[in-house]
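**Student:** Quick one, what's the 3D model for this:
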Amino acid sequence: MTGSDRMIALEREVMYTRMAAIRIILRVIDEFGATPQERFRFASQIDELAKESDFATASIAKCVCLSLRRS
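**Tutor:** Numbering: from 1, shown residues only. Prediction:
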């Protein structure tokens, strides 16, 4: 595996890990039976968390917020 191939594999792993984290969070919220209004409230709270977080946490939080507001 070349250096370039390894970098692509690592980037892909990071992407899959982020997607898994987002799915877990959304599933937990759905398992609680969140209404659309509650989903928006969760999104607002997570948005606030994102503002106070490191880049990685903020990035995942923003994706979760987008997903919560779309559903």
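**Student:** Report all helices and strands that the helix or strand hosting Glu48 contacts.
**Tutor:** Using DSSP states H and E, Glu48 sits in helix 36-51. If you count contacts as 3 or more CB pairs under 8 Å, 6 or more residues apart in numbering; DSSP states H and E, helix 36-51 packs onto helix 55-70. (Glycine included, C-beta is placed from N, CA and C.)
**Student:** ok, and for the helix it packs on, which residues are buried?
**Tutor:** For helix 55-70, the neighbour count (16 or more other CB atoms under 10 Å) marks Ala58, Ile60, Ala61, Lys62, Cys63, Val64, Cys65, Ser67, Leu68 as buried.
**Student:** Which one of these is nearest to Leu10?
**Tutor:** Nearest to Leu10 out of these is Ile60 (CB to CB; 17.4 Å).
**Student:** Dump the C-alpha coordinates for the helix holding Glu48 into PDB.
**Tutor:** Taking Å, rounded to 0.1, in the frame of the first residue of the first chain, the C-alpha atoms of helix 36-51 are listed here in PDB:
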ATOM      1  CA  PRO A  36     -40.500  16.800  15.600                       C
ATOM      2  CA  GLN A  37     -40.600  19.600  18.100                       C
ATOM      3  CA  GLU A  38     -38.300  17.700  20.500                       C
ATOM      4  CA  ARG A  39     -35.900  17.000  17.600                       C
ATOM      5  CA  PHE A  40     -35.700  20.700  16.900                       C
ATOM      6  CA  ARG A  41     -35.000  21.400  20.600                       C
ATOM      7  CA  PHE A  42     -32.300  18.700  20.600                       C
ATOM      8  CA  ALA A  43     -30.800  20.300  17.500                       C
ATOM      9  CA  SER A  44     -30.700  23.700  19.200                       C
ATOM     10  CA  GLN A  45     -29.000  22.300  22.300                       C
ATOM     11  CA  ILE A  46     -26.500  20.400  20.200                       C
ATOM     12  CA  ASP A  47     -25.900  23.600  18.200                       C
ATOM     13  CA  GLU A  48     -24.900  25.300  21.400                       C
ATOM     14  CA  LEU A  49     -22.600  22.400  22.300                       C
ATOM     15  CA  ALA A  50     -20.900  22.700  18.900                       C
ATOM     16  CA  LYS A  51     -20.100  26.400  19.600                       C
END
